[in-house]
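Novice: Provide a 3D model corresponding to the input given below.
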Amino acid sequence: MEFTGGKTKYTSGTVHELNENSTDIEREFYDFYRTPRGEYTPKGSWPELTTHPTLTSNVKFMNFYPFEDIETISPRPMLFIAGENAHSREFSEDAYKLAGKPKELYIVPGAGHVDLYDRVNLIPFDKLESFFKENLKKK
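Specialist: Numbers count the residues shown, from 1 in each chain. From the prediction side, this is the model:
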């Protein structure tokens with residue numbers, strides 16, 4: 001076991017190679033995490049490990065329920081932003097449905113999931129600015 005000094009085991013994460021059978025999601029994440037566009041390897045680590053969580057850390061993910069009690073955030077305003085073509089769009093739509101009010105869902109035309117990390121021409125800065133100006137003003 002890792003916590004007693006055993007070897008660390010890694011799971012899932014971004015694929016390291018693409019082939020004719022690679023899925024659209026694998027291709028999208030590869031384009032970000034396995035290219036200079038978004039690849040980052042912390043000092044003391046290796047590129048083969050980036051984006052791969054440890055097996056022991058998966059327990060934290062499996063026991064995290066992001067939609068639990070989401071309605072209790074209300075009456076604080078919530079803005080959900082998702083790319084039109086993002087594989088994760090349904091998560092934003094589900095969260096929006098469960099959230100209390102005030103809330104807003106903004107879909108970015110033509111954007112995928114990782115596009116909104118760094119493609120500044122797709123990031124809806126105007127929407128972010130107007131949302132924060134409206135909801136952070138003194139009352």
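Novice: How about Y106: which residues does it bridge to?
Specialist: Under the criterion DSSP bridges, Y106 forms beta bridges with I81.
Novice: I'd like the distance between it and D94.
Specialist: Y106 sits at a distance of 15 Å from D94 (criterion: CB to CB, to the nearest Å). Glycine gets a C-beta too; all of them are placed from N, C-alpha and C.
Novice: ditto for V15
Specialist: Note on V15: its distance to D94, by CB to CB, is 26 Å.
Novice: Who has more neighbours out of these two?
Specialist: V15 (17 against 14; other CB atoms under 10 Å).
Novice: so that one, which of the three states?
Specialist: Following DSSP: H, G, I helix; E, B strand; the rest coil, V15 is assigned to coil.
Novice: wait, what's in contact with the spatially closest residue to it that is not a sequence neighbour?
Specialist: Of all residues not flanking V15 in the chain, E26 sits nearest, at 4.9 Å (CB to CB, 6 or more residues apart in numbering). Neighbouring residues of E26 by CB atoms under 8 Å, 6 or more residues apart in numbering: 14-15, 18.
Novice: Check the gap between F32 and Y40 for me.
Specialist: 11 Å.
Novice: Neighbour count: those two, which is higher?
Specialist: Remark: of F32 and Y40, F32 carries more neighbours, 19 against 10, as counted by other CB under 10 Å.
Novice: Please, which helix or strand holds that one?
Specialist: Per DSSP states H and E, F32 falls inside helix 24-33.
Novice: tell me the mean pLDDT for that helix?
Specialist: Regarding helix 24-33, the rounded mean pLDDT is 96.
Novice: Going by neighbour count, which residues in it are buried?
Specialist: Across helix 24-33, burial judged by 16 or more other CB atoms under 10 Å covers 25-26, 28-33.
Novice: Stretch 49-58 now?
Specialist: For stretch 49-58, a neighbour-count test (16+ other CB under 10 Å) marks 50-51 as buried.
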